[in-house]
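Engineer: Next comes the sequence, and after it the predicted model I'd like to discuss.
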Amino acid sequence: MVRTPAGSIVADWRRNLSGRGAHVCSKRPCIERAVDRRMFNRALRDGLQYPPKEQLLDSMRTALERQWATIVRSGLAAKLIEPGVQFAMQAIHHGKARYLVVAQDSTSLTRITTLAADRDIPVGVVDSKDRLGAIAGRTTTGVLTVLSDQLAKRLLRAHIRMNDLD
């Protein structure tokens with residue numbers, strides 16, 4: 001978390017904003033407790049403007065979702081992420097898939113998550129094919145296959161953080 005010049009608190013997931021910073025675990029109860037007890041005052045100095053908890057959590061989630069989408073788009077551009085169910089199935093069978101992102105409304109959700117579990121491939125689930133398609137620059141897509149270990153770790157970490165905020 002970082003204190004802005006105006007005295008408000010914002011999430012700094014990439015740790016690149018200027019200003020005084022403070023660390024708090026990314027789980028919802030930790031953040032709620034820190035806001036309730038005004039725990040950022042010590043690290044970020046007095047005079048902070050604390051937003052309502054839900055507003056802070058929403059802004060943190062939005063920032064994480066933007067970061068996640070940016071990582072996905074850069075992976076697609078670099079051909080380290082490929083869309084499509086057929087590609088995912090082949091990548092799983094050939095041992096090339098490092099992480100899978102599957103839409104909740106994908107007809108292949110159960111089949112792909114079962115295959116991935118058999119091969120110890122982590123799976124992240126997003127809300128819809130439309131949303132996943134919009135991020136991937138397509139009309140819809142049910143699955144994204146990540147082929148890079150490093151990219152898989154970054155996406156998984158961001159996905160876990162998003163889930164921790166729920």
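Structural biologist: Looks like it came in fine.

Engineer: CA atoms for contacts and neighbours, from now on please.
Structural biologist: Fine.

Engineer: Run a quick neighbour tally on Ala103.
Structural biologist: 24 (other CA atoms under 10 Å).

Engineer: cool, and His94?
Structural biologist: His94: 9 neighbours (other CA under 10 Å).

Engineer: Each with direction, which strands does the one helix or strand Val101 maps to pair with?
Structural biologist: Using DSSP states H and E, Val101 falls within strand 99-103. For strand 99-103, the paired strands and their directions (DSSP bridges) are strand 123-126 (parallel), strand 143-146 (antiparallel).

Engineer: Next SSE downstream of the last one?
Structural biologist: Looking back up the chat, that one is strand 143-146. helix 149-164.

Engineer: Quick check: buried residues in that next one?
Structural biologist: Going by neighbour count (16 or more other CA atoms under 10 Å), the buried part of helix 149-164 is Leu151, Ala152, Leu155, Leu156, Ala158, His159, Arg161, Met162.

Engineer: now, among those residues, which is nearest to His94?
Structural biologist: Ala152 (17.0 Å; CA to CA).

Engineer: How about the contacts made by the residue lying closest to the closest one once chain neighbours are set aside?
Structural biologist: Closest residue to Ala152 apart from its sequence neighbours, by CA to CA, 6 or more residues apart in numbering: Tyr99 at 5.4 Å. Residues near Tyr99 by CA atoms under 8 Å, 6 or more residues apart in numbering: Ile121, Pro122, Val123, Gly124, Thr145, Val146, Leu147, Ala152, Leu156.

Engineer: So what touches the longest helix seen in the chain?
Structural biologist: Identified as the longest helix of the chain according to DSSP state H is helix 53-77. Outside helix 53-77, the residues that touch it by CA under 8 Å, 6+ apart are 10-11, 13, 28, 31-32, 35, 81-82, 135-136, 146, 151, 154-155, 158-159, 161-162, 165.

Engineer: Check the offset of it from the chain's centre.
Structural biologist: Centre-to-centre, helix 53-77 and its host chain are 6 Å apart (CA atoms, centre = their mean, to the nearest Å).

Engineer: related to what we said a few turns ago, ok, which pair from the buried residues of helix 149-164 is furthest apart?
Structural biologist: Leu151 and Met162 (16.6 Å).

Engineer: What's the per-residue pLDDT of His159 here?
Structural biologist: The model reports His159 with a pLDDT of 88.
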